[in-house]
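Chemist: model the following, please.
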Amino acid sequence: MRARDSLRRNDLTMKRNELLSVPVAVFGAARSGIASAKLLLRQGNSRVRVLDEVPGGESARVRIAAALAAEDLHAVYLGREECMKALEGVGVMVKSPGIPQDNPVVLCARERGIRIISEIELAAAFAHPKAKIVAVTGTNGKTTTTAWLAHILKGAGLNAVACGNIGEAWANVVDRPEFQSENAAFALEVSSFQLEDIEDFSPHVAVLTNLAPDHLDRYADYAAYVAAKRNILRAMPPQAALVWNWDNPDSHAFAQNILPRSCPFSAHTDPQAAESAWVHNGVMMLRCSGGEQRLAEVSTLPLPGRHNLENALAAALAAALAGVETDAIRRGLATFQGVEHRIEFCGELGGVRFYNDSKATNLDSVEKALQSFADPIVLIAGGRDKKSDYATLSDLVRTRVKALVTIGEAAPLIEAAWGKLVPTQRATTMEDAVRCAAELAAAGDVVLLSPACASYDMYANYEERGRDFKACVARLIEESH
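Modeler: As a prediction, this is how the structure comes out:
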């Protein structure tokens, strides 16, 4: 173990030195990009250039410069032409995850031989060599699993934080004093976009929650999407572990012949693996370090639904593989309170309950949400289409949904698939959608925002969409009093 730690320390030192010794272009001036630029500046690289294709003249330049003012960065380049010119002399580009690989500036960087990495790859170079890193990816369940895992790690006495695609960017927190010790632990949610540009990123434990078609507006096909997810394994050493979903058929192929420590979890059956988690007679079980242990009665978990049982199994097994004692895992399973925007209860009016599931940006996630309720559902869906086949959920919509309210660019597509199955109305704003849904609902019903689409037609991100929904619900309830 000591020799491996020494090798890891040497590798990190070499990567840090490289990143601090050359001009670096950070492409994309949103959350991930600003965090990357700030990290490099804090660490002593004064030759950082921030590039963003969005033209905005002096006002945009001032906004970006203001976000970086504490680090005294003035090298800001806006618009495609400026970005191209700013690549001169650059050794490394840190590409923000929202920028696709076929972007002209990215292609220009590749033609010039500039090394392109992600913010995850950058932050990893500045992590303490003995910090525990658990990376969670998958199509659905990433956020809840990551937050639940961080909760367990914190309860076990580690300096733990949930970050990456959840909460703060990893580059924002990785070099904070409290995380520069062997007691630090990072629970990272990592998307396929973030994994596209990694090289040496090597988590101690990788978690695959599940796989289903998603982001087909970005990838050529499902296989290309899965290939991006598979990057999480590219640099993991043999002693690292992969936690994966035995009940999800596509995850089997992903996990096959990858790592010696293949650690499945199942909500249905014992996978018969040396390190695994499963359910037996309503009890969550854990097999790790040579023995079997009871974790918790499924009925006592604080979050309902089979998908949350899978999230709990994944988080518990990952925590055990990260060295957390069983008692701390039990406490963490029992005391977790859920995450914002994931089937989040927002209030009740006249016997109608309102739930915010804004993070449901694909059909698989909507399917899980609809299956979580026994009561009739008035569904609010729509946003920016991701080339989804909405007809695949027609049977579930017919049996679970009482009425449908559509919003956003995808409204006509969703109406074409589901509009003849249930009473349907179109709304122009979230306020309109909430009021329309409330009128369609009766006591005992559920109003559920579960969009099945990206948010970018109306909002900056799904968080902004979810908070707008909650604000609209709060106003509706307030007006009734």
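
Chemist: need the CA coordinates for stretch 67-87. PDB is fine.
Modeler: Output of stretch 67-87 as PDB, limited to C-alpha atoms (Å, rounded to 0.1, in the frame of the first residue of the first chain):
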ATOM      1  CA  ALA A  67     -16.300  36.100 -11.600                       C
ATOM      2  CA  LEU A  68     -12.500  35.800 -11.600                       C
ATOM      3  CA  ALA A  69     -11.600  39.200 -10.100                       C
ATOM      4  CA  ALA A  70     -10.300  37.700  -6.800                       C
ATOM      5  CA  GLU A  71      -7.700  35.800  -8.800                       C
ATOM      6  CA  ASP A  72      -6.800  38.900 -10.900                       C
ATOM      7  CA  LEU A  73      -7.400  37.200 -14.300                       C
ATOM      8  CA  HIS A  74      -7.700  39.500 -17.200                       C
ATOM      9  CA  ALA A  75      -7.200  37.100 -20.100                       C
ATOM     10  CA  VAL A  76     -10.800  36.700 -21.300                       C
ATOM     11  CA  TYR A  77     -11.600  36.000 -25.000                       C
ATOM     12  CA  LEU A  78     -15.100  36.000 -26.400                       C
ATOM     13  CA  GLY A  79     -16.500  34.900 -29.700                       C
ATOM     14  CA  ARG A  80     -15.300  32.100 -32.000                       C
ATOM     15  CA  GLU A  81     -12.700  34.200 -33.800                       C
ATOM     16  CA  GLU A  82     -11.100  35.500 -30.500                       C
ATOM     17  CA  CYS A  83     -11.100  32.000 -29.100                       C
ATOM     18  CA  MET A  84      -9.200  30.600 -32.100                       C
ATOM     19  CA  LYS A  85      -6.600  33.300 -31.800                       C
ATOM     20  CA  ALA A  86      -6.200  32.700 -28.100                       C
ATOM     21  CA  LEU A  87      -5.100  29.100 -28.700                       C
END
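
Chemist: residue numbering should commence at 35 henceforth.
Modeler: Done: numbering now begins at 35, and the last item shifts to stretch 101-121.

Chemist: distance from it to the middle of the chain?
Modeler: On the basis of CA atoms, centre = their mean, to the nearest Å, stretch 101-121 sits 28 Å off its chain's mean C-alpha point.

Chemist: just checking, what packs against the helix or strand hosting Gln459?
Modeler: When elements are defined using DSSP states H and E, Gln459 is found to belong to strand 458-460. Using 3 or more CB pairs under 8 Å, 6 or more residues apart in numbering; DSSP states H and E as the contact criterion, the elements in contact with strand 458-460 are strand 435-441, helix 445-452. Placement of C-beta: from N, CA and C, glycine included.

Chemist: average pLDDT for the longest one?
Modeler: Confidence over helix 445-452, taken as the mean pLDDT, stands at 98.

Chemist: please enumerate the strands of the stretch 185-334 of the chain.
Modeler: Ranges of strands in the stretch 185-334 of the chain, per DSSP state E, counting those that start in this stretch, are 193-198, 218-223, 239-242, 275-279, 295-300, 310-314, 317-322, 325-331.

Chemist: next: the stretch 35-184 of the chain.
Modeler: Assigned strands in the stretch 35-184 of the chain, in chain order: 58-61, 82-86, 110-112, 126-129, 149-151, 166-171 (criterion: DSSP E, counting those that start in this stretch).
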